[in-house]
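Engineer: next comes the sequence, and after it the predicted model I'd like to discuss.
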Amino acid sequence: MGCVPFAASAVLLALVSTAPEEKEKPSASSKGPSRVKGSPASGPTEIEKFFQLNPEEKFDLEAANSIDAPVLVEEARGDKRVLRDVLRTAEALLPRVRAETEDPLLVSAILRSKTLDWVRRSPSDSGWAETMPLRWAGIFYESRVPGGRLSRKLSTRMANLISLCVEASGTVAFLRAGVTGIFRGSAMMAKMVQFGLSAKRPRYVQQVAQAYLDDLASSRCVGKQPVPLERLSDVARRNGTAEVNITLVELFSQEGTGTLMVLDPRFHPGMDPVAIRVVPPKTQDDAATYDLVHSGVRAVRESGDSNEAPNEASPASPWERSDMTRKEWLALFKALEKRKERLGAPPRENSRDRESYIGLRDLVLADSAVRRAFLVVHWKGRPSGLAILCQLLSAGTLVPEFDTDADYLEAELEHLGQGAPEHRPKDGQWKLAHGWTVVREHAGGSARTYRASGKSAD
């Protein structure tokens, strides 16, 4: 049965829910189902489960998600008072469901809670991957199984329950509600619209949250083994890595480049950190992929290479890699610029001796496009020598604002000149790779001026 459009549903709901009350108290059947005689009492009916809920102290998102709306309405159809109570309960629950499944702060808290359940419960639950996909499907967004079931999102199903109750009430109940109900329905609808427009939020909060939840539901936690987040990676392929990363940063705290903390041991004593690790794409045309990892565990694979062995995995931070190519650096810079983020600083200890650092510095010397892209997203703070060198090469001249900046620049130049036969560190002149020469032209007081000349290969 199709879902009545939201505006019409709100008005119809109001009309039915304000029908004149009977003077006598509702019978016991108004808060419970009428079982068929002789039927086995194998478990609670849909009505019994539904009336355990309210939007405040008895609100349970997972329990609300398990309600079968058509069965619930069918059970209530024989008693108009029960049907009206179902409708009123659904009316009260819907705004809370919308808030919990759309507000990023509330969504984040739910995802952390479900991740905690996954860590604690799934290792000992052999049926986790069979039962949890049904329990968690469609809470935030529709869940699809290729070639199989489709679960509509919970807020849509709750609105559809209201529509089913209105239809089951019949024309008489609809007409008895009177004009007063229209205004009540309009007020309720206005309140919901206000919530929907009240906050600026990433466009893909619900899709990303449901994909992550579906990934948790389909895999058990096995020790510290990383879990590929297949559905989350699919969302990135459909909508773009940048959009998904922006949404993840909104939901979880960012821990350096490419890592988002889901469970922080500061708030869960005795637990290892659990984080989403972003695996950068191999090419600019690909999307990033995602893994759920525990402390100290690297991603199980690079994007697009399913046959790669785990010990050859690509870490999320570019500073931990020795094979970053020009194309990969540029793709990373572009993604950071789009998200209005900065590149994470390399570890201070032996930063200049890292192969990734040396590789990026050589690209800065050789390629003007890399210099332009790097200047937009370079990290703030120490070590700062590479960023200052990039500024000098781009502008041709540089007067460092602070004397310490000049010291960092000269330390970078000294490191570049090590091992070169033409290196002359004492006279303020440095001959660098790719035809560059840097000269300290003036040294008076605390002000030092540097000039760079040379033509790099673009």
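Structural biologist: Yep, that arrived. If you're wondering where the values come from, they're calculated on a predicted model, not measured in any experiment. Numbers count the residues shown, from 1 in each chain.
Engineer: can you give me the strands for the stretch 201-350 of the chain?
Structural biologist: In the stretch 201-350 of the chain, the segments counted as strands under DSSP state E, counting those that start in this stretch are 227-228, 253-254, 259-263, 274-279, 289-294.
Engineer: wait, which of the ones you listed is closest to residue 89?
Structural biologist: strand 259-263 (33.1 Å; Cβ to Cβ). (Each C-beta comes from the backbone N, C-alpha and C, glycine too.)
Engineer: run through the neighbouring helices and strands of that closest one.
Structural biologist: helix 104-121, helix 241-251, strand 253-254, strand 274-279 (3 or more Cβ pairs under 8 Å, 6 or more residues apart in numbering; DSSP states H and E).
Engineer: go through these and name the closest to residue 387.
Structural biologist: Here strand 253-254 is closest among the helices and strands packed on strand 259-263 (Cβ to Cβ), at 20.4 Å.
Engineer: which neighbours does that closest one have in its sheet, and in what orientation?
Structural biologist: strand 259-263 (antiparallel) (DSSP bridges).
Engineer: any idea how far the strand it pairs with is from the chain center?
Structural biologist: 10 Å (Cα atoms, centre = their mean, to the nearest Å).
Engineer: by how many degrees do that strand and helix 241-251 diverge?
Structural biologist: Strand 259-263 runs at 40 degrees relative to helix 241-251, counting by axes from the mean of the first three to the mean of the last three Cα atoms, to 10 degrees.
Engineer: about what we covered before: buried deepest among the helices and strands packed on strand 259-263, which one?
Structural biologist: Stretch with highest mean neighbour count among these: strand 274-279 (a mean of 24; mean count of other Cβ atoms under 10 Å).
Engineer: related to what we said a few turns ago, save the helices and strands packed on strand 259-263 as a markdown table, and put in distance to residue 380 and mean pLDDT too.
Structural biologist: Below are the helices and strands packed on strand 259-263 laid out as a markdown table (distance: least, Cβ to Cβ, whole Å; pLDDT from 0 to 100):
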| stretch | distance to residue 380 | mean pLDDT |
| --- | --- | --- |
| helix 104-121 | 26 | 94 |
| helix 241-251 | 18 | 88 |
| strand 253-254 | 15 | 78 |
| strand 274-279 | 21 | 90 |
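Engineer: switch those over to CSV; also include distance to residue 266.
Structural biologist: Below are those laid out as CSV (distance: least, Cβ to Cβ, whole Å):
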stretch, distance to residue 266
helix 104-121, 13
helix 241-251, 18
strand 253-254, 11
strand 274-279, 13
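Engineer: quick one, which of those is nearest to residue 377?
Structural biologist: Nearest of the helices and strands packed on strand 259-263 (Cβ to Cβ): helix 241-251, 13.1 Å.
Engineer: what does the closest one rub up against?
Structural biologist: 104, 107-108, 111, 201-205, 208-209, 232, 235-236, 260, 276, 278, 281, 287-288, 335, 338-339, 341 (Cβ atoms under 8 Å, 6 or more residues apart in numbering).
Engineer: which intervals of the stretch 201-350 of the chain have sub-threshold pLDDT?
Structural biologist: 201-202, 255-257, 284, 295-316 (pLDDT under 70).
Engineer: please redo it, this time with the cut-off set to 90
Structural biologist: Applying pLDDT under 90 to the stretch 201-350 of the chain flags the ranges 201-204, 222-225, 239-243, 245-246, 249-250, 253-260, 264-272, 278-288, 294-324, 335-350.
Engineer: please, where are all the helices along it?
Structural biologist: 205-218, 230-239, 241-251, 326-338 (DSSP state H, counting those that start in this stretch).
Engineer: most packed of those?
Structural biologist: Scoring these by mean count of other Cβ under 10 Å, the most buried comes out as helix 205-218, with a mean of 24.
Engineer: contact partners of it?
Structural biologist: 101-102, 104, 107, 110-111, 114-115, 118, 128-129, 132-133, 135-143, 153, 202, 227, 229-232, 234-235, 239, 244, 247-248, 250-251, 276, 292.
Engineer: run the chain-centre distance for it.
Structural biologist: Counting by Cα atoms, centre = their mean, helix 205-218 comes out at 9 Å from the chain centroid.
Engineer: tabulate the strands of the stretch 201-350 of the chain (JSON lines), appending distance to residue 66.
Structural biologist: Converted to JSON lines, the strands of the stretch 201-350 of the chain look like this (distance: least, Cβ to Cβ, whole Å):
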{"stretch": "strand 227-228", "distance to residue 66": "25"}
{"stretch": "strand 253-254", "distance to residue 66": "31"}
{"stretch": "strand 259-263", "distance to residue 66": "24"}
{"stretch": "strand 274-279", "distance to residue 66": "26"}
{"stretch": "strand 289-294", "distance to residue 66": "25"}
